[in-house]
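Engineer: quick check, what structure comes out for this input:
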Amino acid sequence: MSVAESRRIVLFRHAKADWPEVTDHERPLAERGRLDAATAGSRLADTGIPFDLALCSTAVRTRETWKLAVHELAHRPKTVYEERLYEASPGELIAVLNETPDDARNVILVGHNPSVQGLAEILPGAGAGSGEAREWLDRRGFATAGFAVLSFTGSWKALEPGVATLDDYWAPSE
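Structural biologist: Below is the predicted model:
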C-alpha cells in the first residue's frame, strides 16, 4: 500500500457511562450506554468502512463500548488497547495515530471527550468537509456513542492539524 493512499479515521466517543463509587477509569456503561453502543455499532457497519485497526482506551467504559459495537461489524479488526488514549489531549491522540503502520488504511479510535471532539475540530482544514457534520458538532458537541468520520491522504506519520476532511458525523438521538 502506498503512503499516498486515502485513509480514514473514525473518532468514536464511548457510550453513556454510569457513576458508581469507583475510580473514573473503572466506570462502566449505564444501561442507556449499552443500548447506544450496539446502535452505534450498527451505524458503523452501515458506513461500509472496513476497519484495519481499532485503537481503544483502556478505561472500562471504552472497552465495553467497543465490545458491544464491534459485535455489529461484519469484520472484527485488530484491536489495540492503548493506555495513552485515556485522559489524552488532541495532540497526544495525534501522536498515537502517527505510530499507526501505513498498511492500515482505516482506523477507529475509541476514546473520551474532550479529546475526541478536540481532534475532530483540529484535524479538518478550514471548511474541509461536510457542512452538516460540522454544524452538528458545533451546535451539539460530540455526543456519547457518537462518531465522526474523517479522511486524509498520506502517511500516518504526516497526520497533523488541518490535513483531514470531516466527512460525516453520527450520534444516537437523545
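
Engineer: mind listing the helices for this protein?
Structural biologist: With DSSP state H as the criterion, the chain has helices at 31-47, 60-70, 90-98, 115-122, 131-140.

Engineer: show me what the fourth one packs onto, helices and strands only.
Structural biologist: Contacts of helix 115-122 with other secondary structure elements, assessed using 3 or more C-beta pairs under 8 Å, 6 or more residues apart in numbering; DSSP states H and E, are made with strand 6-13, helix 90-98, helix 131-140, strand 147-153. In this view, the C-beta of every residue, glycine as well, is placed from N, C-alpha and C.

Engineer: what's the closest of those to Val70?
Structural biologist: strand 6-13 (10.4 Å; C-beta to C-beta).

Engineer: figure out how far the closest one is from the centre of its chain.
Structural biologist: 6 Å (C-alpha atoms, centre = their mean, to the nearest Å).

Engineer: from here on, call the first residue 52.
Structural biologist: That works, and once the first residue is 52, the last one we named lands at strand 57-64.

Engineer: identify each buried residue in it, please.
Structural biologist: Within strand 57-64, the residues scored as buried using 16 or more other C-beta atoms under 10 Å are Arg58, Arg59, Ile60, Val61, Leu62, Phe63, Arg64.

Engineer: verify the stated contact: the first one with Leu201.
Structural biologist: No: using C-beta atoms under 8 Å as the test, Arg58 is too far from Leu201 to be in contact (9.1 Å).

Engineer: where in the chain is pLDDT low?
Structural biologist: Along the chain, the parts satisfying pLDDT under 70 run over 52-54, 177-181, 225.
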